[in-house]
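**Student:** Sharing a model prediction with you, sequence too.
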Amino acid sequence: MTNIIQSPREKSIVFIGFMGVGKTTIGKLVAQKLYRSFIDIDQEIEKEYGMPIPEIFQTIGEKAFREKEKETISRFCQQKLKVISLGGGAFLQEEIREMCLSNCIVFALDISWDRWKERLNIIIDNRPVLKGRSIDEIEELFYSRQEIYSNHNSKLVTDDLDVEEVADYITESLKLAWDLYE
């Protein structure tokens, strides 16, 4: 694994967090505000296979999907000036964590269980990992992944913020940090 030497201003920005936390929505806004290209890893994989993620899981299985996910993330994490949204389970792979933390600025978007539960009915159909699970099993999954998401460069709890506020906070924080490093 190569560690790309570049200024903090050039590093790609990666969003991690539990499924449905807003990584894609916020990532798109941050990319617009910073004049960068936005990459949603799940959408890239869907384009390659020509089918949605739930179908990909059914067709090739989760293990093969995770390998494709790692390959896709590796390709984009080594590029400059991108804003990248990872799928909720991507950071479970140690290789992906190390790659992102070595080459990018990693933002963890966090949300409380109570706030996240309010979104469940609008996201469950597109999340194969949630299929067939009880609410207690989903809650257990939510909390079990929190430790994985604690590997980041910065974290923002989004509970009481709208997407525009989150994107503004992140872009202003980045600009301030970049100015300090120059």
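**Tutor:** Nice, thanks for sending it over.

**Student:** What strand or helix carries G20?
**Tutor:** Assigned by DSSP states H and E, G20 falls within no helix or strand.

**Student:** likewise M99?
**Tutor:** Element membership of M99 [criterion: DSSP H and E] is helix 94-103.

**Student:** Run through who's touching stretch 111-118.
**Tutor:** Residues from elsewhere that reach stretch 111-118 (CB atoms under 8 Å, 6 or more residues apart in numbering): 17-18, 20-22, 135, 139, 142-143, 157-159. Quick note: C-beta positions are derived from backbone N, CA and C, even for glycine.

**Student:** try 7 Å
**Tutor:** Stretch 111-118 is contacted by residues 18, 20-21, 139, 142, 158-159 when judged by CB atoms under 7 Å, 6 or more residues apart in numbering.

**Student:** closest to Q32 among these?
**Tutor:** T158 (17.9 Å; CB to CB).

**Student:** these two touch, right, that closest one and V166?
**Tutor:** Yes - contact criterion CB atoms under 7 Å: T158 and V166 qualify, at 5.4 Å.

**Student:** returning to what we had before: quick one: the contacts of stretch 111-118 as a markdown table, columns for distance to E10, secondary structure and pLDDT too.
**Tutor:** Output for these, formatted as a markdown table (distance: CB to CB, whole Å; DSSP: H, G, I helix; E, B strand; the rest coil; pLDDT from 0 to 100):
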| residue | distance to E10 | secondary structure | pLDDT |
| --- | --- | --- | --- |
| F18 | 29 | coil | 94 |
| G20 | 30 | coil | 89 |
| V21 | 26 | coil | 93 |
| E139 | 39 | helix | 94 |
| F142 | 34 | helix | 95 |
| T158 | 26 | coil | 93 |
| D159 | 32 | coil | 92 |
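
**Student:** Those residues: which two are farthest apart?
**Tutor:** Most distant of these, by CB to CB, are E139 and T158, 18.4 Å apart.

**Student:** which one of these two has more residues nearby?
**Tutor:** T158 (20 against 14; other CB atoms under 10 Å).
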